[in-house]
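Colleague: Here you go, sequence then predicted model.
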Amino acid sequence: MSRLSDLAHRLRIDAHAVWLAARDPAVPWPVRLFGLFLAAYALSPIDLIPDFIPVLGLLDDAIILPAGVWLFVKLVPADIWEGHKASAEAASHRPVSRWGAVGIALLWIVALAWVALLVLGGRYY
């Protein structure tokens, strides 16, 4: 179980490093665009193959993300990647604010409710 936990930790670090590198102006823009899509996929709760489908649902995360990270690392200059990976590793040791996450979730709920009211024009169907 520890090996699986280590693998998941490394994948989180790599996904964060991809996000950091994708925002770096020193990385060519097509690679940055690929990195943004990859980071969005890694953070998205929606998968290409839903996780509730036996075996296939987990294989999509086990294959697509590592393969995408591998390709991204090959496309980014090594010194830039190492710098962002070190930053992501350092960030993984910082404390996490669960109350901050709750606050952000509440902001999203309020924003979505506001948009829904604008779209519906104040009418309830």
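Modeller: Perfect, thanks for sending it.
Colleague: Quick check: the spatially most central residue of the chain vs Leu11, distance?
Modeller: Averaging the C-alpha coordinates of the chain gives a centre point, and the residue nearest to it by Cα atoms, centre = their mean is Leu43 (2.9 Å). Applying Cβ to Cβ, to the nearest Å, one obtains 12 Å for the distance of Leu43 from Leu11. Backbone N, C-alpha and C define where each C-beta goes, glycine included.
Colleague: Do a quick rundown of the helices in this protein.
Modeller: Under the criterion DSSP state H, the chain carries helices at the ranges 2-22, 29-43, 56-75, 78-91, 98-120.
Colleague: by contact count, what packs against the last one?
Modeller: With contacts defined as 3 or more Cβ pairs under 8 Å, 6 or more residues apart in numbering; DSSP states H and E, helix 98-120 has no packing partner among the helices and strands.
Colleague: Report the mean per-residue pLDDT for that helix.
Modeller: For helix 98-120, the mean per-residue pLDDT is 84.
Colleague: Please identify the buried residues of stretch 102-118?
Modeller: Of the residues in stretch 102-118, none are scored as buried under the neighbour-count criterion (16 or more other Cβ atoms under 10 Å).
Colleague: Same check on stretch 21-38?
Modeller: If you call a residue buried by 16+ other Cβ under 10 Å, then stretch 21-38 has these buried ones: 21-22, 24, 27, 31-32, 34-35, 38.
Colleague: sorry, back to before: how about the helices of the chain in JSON lines, adding distance to Pro50?
Modeller: Formatted as JSON lines, the helices of the chain follow (distance: least, Cβ to Cβ, whole Å):
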{"stretch": "helix 2-22", "distance to Pro50": "19"}
{"stretch": "helix 29-43", "distance to Pro50": "14"}
{"stretch": "helix 56-75", "distance to Pro50": "5"}
{"stretch": "helix 78-91", "distance to Pro50": "28"}
{"stretch": "helix 98-120", "distance to Pro50": "22"}
